[in-house]
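J.: got a structure for you, letters missing:
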Ligand code: FE
């Protein structure tokens, strides 16, 4: 038996935020990131709408990028004290992910991260509160997914939390919020969304329920991402929906080794962070070539859906070429070398990174199995831009 879970309600369209006026409840806590939502006036709007609805509101601000265990525990403690019946998270992936984890420790104060690290093992939530997610970036789709990533900086571990209990109750997908994204963030998050849809479509857990969402999301990203990058509002709106559809697909079909590689290389090098979506965009064509041994038909399906014709092999190649072409348009480098990772450091660290990437939670649903040695070869191809021929 399989399970397919999405939020109970989604509100979308320009001004969808106003739906908060119709929420019924007593107390809400609003979880926020670094301050852009306040600067652009969205926090005031939320406060006004909830006040209109007769709901008391408290803010929890300054959730950091890659939120920490400490922030989660602090937020959960504030929730236990304040006792909200709604948790509302607004902003990029970080405040929403953090709020999802806070929710668990609010309802189950005695639980530990070690206990919930096992995928799909959470206690039953919604005993105290329900959850509204309002994304301001077009990529992670955490507003509709069963996932949250929390970092334990002391141990140097990222906890990828996964359970349908943390799939939000309501997602408000208002493109006005996404208009605030700068171009580079638009490019990276957009390619993250493309990767979600492609990985979900070829995942070993793909299904008739997730396939249409993945295909349509892929088509929309190719159609709208370049114009969204240039700042076109209509394209920005369509990208906000496309990423959300990709999220609905991958929350139920899971991902693959592009994400395993991005997770384990993101913070691995002394030259600085590789943004998640940028790493995915670099790795995606290489991984398609690796996976094509087992999943050529599925990749060719994607190409055919995009109107490309030819043999299976030609279709797979055309898909990779198209991704390369978009990376050029979006100023995303083709290799880790071009990104600025130092050769000596790469060669020194790649065996350990390969080992860790194989052990990542996303590897299990990849259409072709991979050993640490093969992963090392694949990562090496992404460093030098050499052909994947194994
Ligand atoms: Fe992602």
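T.: Here it is on my side, so go on. Predicted model, so just to flag it, every value in this text is computed and none were measured.
J.: tell me where the model's unsure across the chain.
T.: Judged by pLDDT under 70, the chain has no weakly predicted residues.
J.: contact partners for the residue lying farthest from the centre of it?
T.: Largest separation from the mean C-alpha position in the chain: residue 54, at 33.1 Å (CA atoms, centre = their mean). Under the criterion of CB atoms under 8 Å, 6 or more residues apart in numbering, residue 54 has no contact partners. Bear in mind the C-beta positions are built from the backbone N, C-alpha and C, glycine included.
J.: quick one: contacts of the strand or helix carrying residue 11?
T.: Using DSSP states H and E, the element containing residue 11 is strand 9-12. Contacts to strand 9-12, defined as CB under 8 Å, 6+ apart, come from residues 19, 144, 169, 170, 171, 172, 173, 174, 175, 240, 241, 244.
J.: stretch 108-116 now?
T.: 69, 76, 80, 104-105, 121-123, 150, 152, 159, 161, 163.
J.: and what of stretch 247-256?
T.: Here stretch 247-256 makes contact (CB under 8 Å, 6+ apart) with 3-6, 140-147, 167, 193, 195-197, 199-203, 205-207, 209-211, 213-214, 217, 287, 291, 362-367.
J.: give me the buried entries from the residues you listed.
T.: In terms of neighbour count (16 or more other CB atoms under 10 Å), the buried residues within these are 6, 140-147, 167, 193, 195-197, 199-203, 206, 210-211, 213-214, 217, 287, 291, 362-367.
J.: for the residue farthest from the centre of the chain, phi and psi?
T.: For residue 54, the backbone dihedrals are phi 80, psi 20 (criterion: degrees, to the nearest 10).
J.: one more: the one 4 residues further on?
T.: When read as degrees, to the nearest 10, the backbone of residue 58 gives phi -130, psi 140.
J.: can you give me the distance of it to residue 73?
T.: 17 Å (CB to CB, to the nearest Å).
J.: same thing with residue 269?
T.: 29 Å.
J.: with neighbour numbers in mind, choose between these two.
T.: Neighbours per residue, other CB atoms under 10 Å: of residue 269 and residue 73, the larger number sits with residue 269, 18 against 15.
J.: wait, the more buried one touches residue 347, no?
T.: No. When contacts are counted by CB atoms under 8 Å, residue 269 is not listed as touching residue 347 (11.7 Å).
J.: pick out the residue closest to the middle of the chain.
T.: residue 140 (2.5 Å).
J.: what's near enough to touch the closest residue in space to residue 47 that isn't next to it in sequence?
T.: Excluding the flanking residues, the one nearest residue 47 by CB to CB, 6 or more residues apart in numbering is residue 57, at 5.7 Å. By CB under 8 Å, 6+ apart, the contact set of residue 57 is 27, 28, 29, 30, 46, 47, 50, 51.
J.: still on that earlier bit, against residue 127, how distant is the residue nearest to the centre of the chain?
T.: Between residue 140 and residue 127 the computed distance is 26 Å (CB to CB).
J.: SS state for the nearest residue to residue 339 once chain neighbours are set aside?
T.: Leaving aside its chain neighbours, residue 339 sits nearest to residue 333 (4.7 Å; criterion: CB to CB, 6+ apart). Under DSSP: H, G, I helix; E, B strand; the rest coil, residue 333 falls in the coil class.
J.: ok, now residue 25?
T.: Of the three states, residue 25 takes coil according to three-state DSSP.
J.: which residues touch residue 323?
T.: With contact taken as CB under 8 Å, 6+ apart, residue 323 is in contact with 194, 281, 284, 285, 288.
J.: just the strands in the stretch 1-150 of the chain please.
T.: Using DSSP state E, counting those that start in this stretch, the strands of the stretch 1-150 of the chain run over 9-12, 27-31, 56-60, 86-91, 130-135, 147-152.
J.: which residues touch the fifth one?
T.: By CB under 8 Å, 6+ apart, the residues outside strand 130-135 that reach it are 7, 17, 20, 23, 46, 85-93, 96, 99-100, 103, 141-144, 166, 168-174, 177-178, 240, 244.
J.: strands of the stretch 151-300 of the chain, start to end?
T.: Using DSSP E, counting those that start in this stretch, strands in the stretch 151-300 of the chain cover 157-162, 170-173.
J.: which of these sits most buried?
T.: Among those, the stretch with the highest mean neighbour count (mean count of other CB atoms under 10 Å) is strand 170-173, at a mean of 25.
J.: partner strands of that strand, parallel or antiparallel?
T.: Its sheet considered, strand 170-173 pairs with strand 9-12 (parallel), strand 130-135 (parallel) by DSSP bridges.
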